[in-house]
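Engineer: Sharing a model prediction with you, sequence too.
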Amino acid sequence: MEEDAGGNAPGHVTGAAELAFRRYEARLGFWKVVLGTFIVGLAGVLIPGAVNFYTARSENLRKEAELEISQQEAHQQYIKDFLNTGINQDIELRIRFADYFANLSGPGQEHLWKNYLEQLKSLRDDNRSKINALEERLVEFKKLPPEQIDNAEFDRVNRELAWANAEIGYVPTERSTVIASAVSSPIARKVQLYNETTNLVERLSSSSGPLGDHPDDLARFWDLYRKDLIGVESGDFARAMIGIGRVLNAPGALSAPPGPELKSLAEELASISRRELASVGQVSIMQEQQPQLQAPLQQQQ
């Protein structure tokens, strides 16, 4: 057998190399088995976990979407049920309605109701300021002699004041809100105030003594003049009231018996009242009061 330059036999070299190669293959196979088992085991743990995680996440998202849809449907149903309240002319009722939902609505709806509530409050405050300004304008009219009053402007102010009062559900001062809402109406209120005013002026004009002897009637007249009749009286009725107020404010008027001018104005006021109330009619009053009078009876039942 020939030897190589190093003195080793060729067969011996080949056997050592093959042995080293076999050892490498064995180590490679071992690590292959170890790594393969580790990877398979890790995959067996991670993949089902990932699948379960995404399945649970998808289920949660689906449930959240269903809950949100249910909340929106319920919210829309609430709005539908309370539609008549939401469009009611009385702005105070709409404010309570908006405040209720602003505090009880779920996420996504709460800010919408709060914006609506703020808009209603702003509208109410604007109307209140407008009412105050219009009533001040009427007081200015009542200080003028009848011949200096612009009738068209006077009617416009009364008309706008009536609209503004109706918008905010105005209740006159020194009157019960419960009584006004339960048994009163615009027509019935007008009838009541017209009758009270004409009777009062008739008593003053037919007095046999000085007008100053009737302080209660005089105080009530000025309350009617400055507050209660505003927004209720017609232009003709208001002009007659202005004339009566001018007579009562004349120097020395309270220290003397009523003169012919006051008696004439009292007759004119009574005539205007009869004409206007006749056009209203008792049937209209009863029709307007009937649903309001039935409400307390239904509650008692």
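Structural biologist: Good, I have the coordinates. Residues are numbered from 1 along each chain as shown.

Engineer: Read off the pLDDT value for residue 187.
Structural biologist: Listed pLDDT for residue 187 reads 79.

Engineer: correction: residue 267
Structural biologist: Note on residue 267: pLDDT of 93.

Engineer: before we move on, what about residue 22?
Structural biologist: For residue 22, the model assigns a pLDDT of 76.

Engineer: so where does residue 220 fall, helix or strand?
Structural biologist: Applying DSSP states H and E as the criterion places residue 220 in helix 215-223.

Engineer: Can I get that helix in PDB, CA atoms only?
Structural biologist: C-alpha atoms of helix 215-223 as PDB (Å, rounded to 0.1, in the frame of the first residue of the first chain):
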ATOM      1  CA  PRO A 215    -107.800 102.100  45.400                       C
ATOM      2  CA  ASP A 216    -108.300  98.300  44.900                       C
ATOM      3  CA  ASP A 217    -110.000  98.800  41.500                       C
ATOM      4  CA  LEU A 218    -107.400 101.300  40.500                       C
ATOM      5  CA  ALA A 219    -104.500  99.000  41.400                       C
ATOM      6  CA  ARG A 220    -106.100  96.200  39.500                       C
ATOM      7  CA  PHE A 221    -106.700  98.400  36.500                       C
ATOM      8  CA  TRP A 222    -103.100  99.200  36.200                       C
ATOM      9  CA  ASP A 223    -102.100  95.600  36.600                       C
END
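
Engineer: who does that helix touch, helix- and strand-wise?
Structural biologist: helix 186-205, helix 235-248 (3 or more CB pairs under 8 Å, 6 or more residues apart in numbering; DSSP states H and E). Heads up, the C-betas are built off the backbone N, CA and C, glycines and all.

Engineer: looking at these, which is buried most?
Structural biologist: Ranked by average neighbour count under the criterion mean count of other CB atoms under 10 Å, the helices and strands packed on helix 215-223 are headed by helix 235-248 at a mean of 20.

Engineer: And the contacts of that one?
Structural biologist: Here helix 235-248 makes contact (CB atoms under 8 Å, 6 or more residues apart in numbering) with 138, 141-142, 144-146, 149, 151, 154-155, 158, 194, 197, 201, 204, 211, 218, 221-222, 224-225, 229, 233, 253-254, 259, 261-262, 265-266, 268-269, 272-273, 276.

Engineer: what's the following helix or strand past that helix packed up against?
Structural biologist: Proceeding N to C from helix 235-248, the next assigned helix or strand is helix 260-280, under DSSP H and E. For helix 260-280, the elements it packs on are helix 186-205, helix 235-248, judged by 3+ CB pairs under 8 Å, 6+ apart.

Engineer: Tell me, how many residues neighbour residue 59?
Structural biologist: By the criterion of other CB atoms under 10 Å, residue 59 has 10 neighbours.

Engineer: Quickly note the distance from it to residue 65.
Structural biologist: Residue 59 is 11 Å from residue 65, where distance means CB to CB, to the nearest Å.

Engineer: Which helix or strand contains residue 65?
Structural biologist: Counting by DSSP H and E, the element that carries residue 65 is helix 10-81.

Engineer: again, but for residue 230
Structural biologist: Going by DSSP H and E, residue 230 is not in any helix or strand.

Engineer: Surely it is in contact with residue 161?
Structural biologist: Yes. Residue 230 is within contact range of residue 161, at 6.7 Å (criterion: CB atoms under 8 Å).

Engineer: if I look at these two, which residues touch both of them?
Structural biologist: The contact lists of residue 230 and residue 161 share 135, 138, where a contact means CB under 8 Å, 6+ apart.

Engineer: List the buried residues of stretch 220-240.
Structural biologist: 221, 224-225, 228-240 (16 or more other CB atoms under 10 Å).

Engineer: what packs against the strand or helix carrying residue 132?
Structural biologist: For residue 132, the host element (DSSP H and E) is helix 110-142. Secondary-structure packing of helix 110-142 (3+ CB pairs under 8 Å, 6+ apart): helix 91-104, helix 151-167, helix 235-248.

Engineer: any residues touching the second one, and which ones?
Structural biologist: The one in question is helix 151-167. Identification of contacts with helix 151-167 by CB under 8 Å, 6+ apart yields 89, 91, 123, 127, 130-131, 134-135, 137-138, 141, 170, 230-231, 233-235, 238-239.

Engineer: what is the mean pLDDT for that helix?
Structural biologist: The pLDDT scores in helix 151-167 average 79.

Engineer: that older thread, from the chain's centroid, how far away is the helix holding residue 220?
Structural biologist: Its chain's C-alpha centre and that of helix 215-223 lie 37 Å apart, by CA atoms, centre = their mean, to the nearest Å.

Engineer: Now do that helix against helix 235-248, angle only.
Structural biologist: 130 degrees (axes from the mean of the first three to the mean of the last three CA atoms, to 10 degrees).
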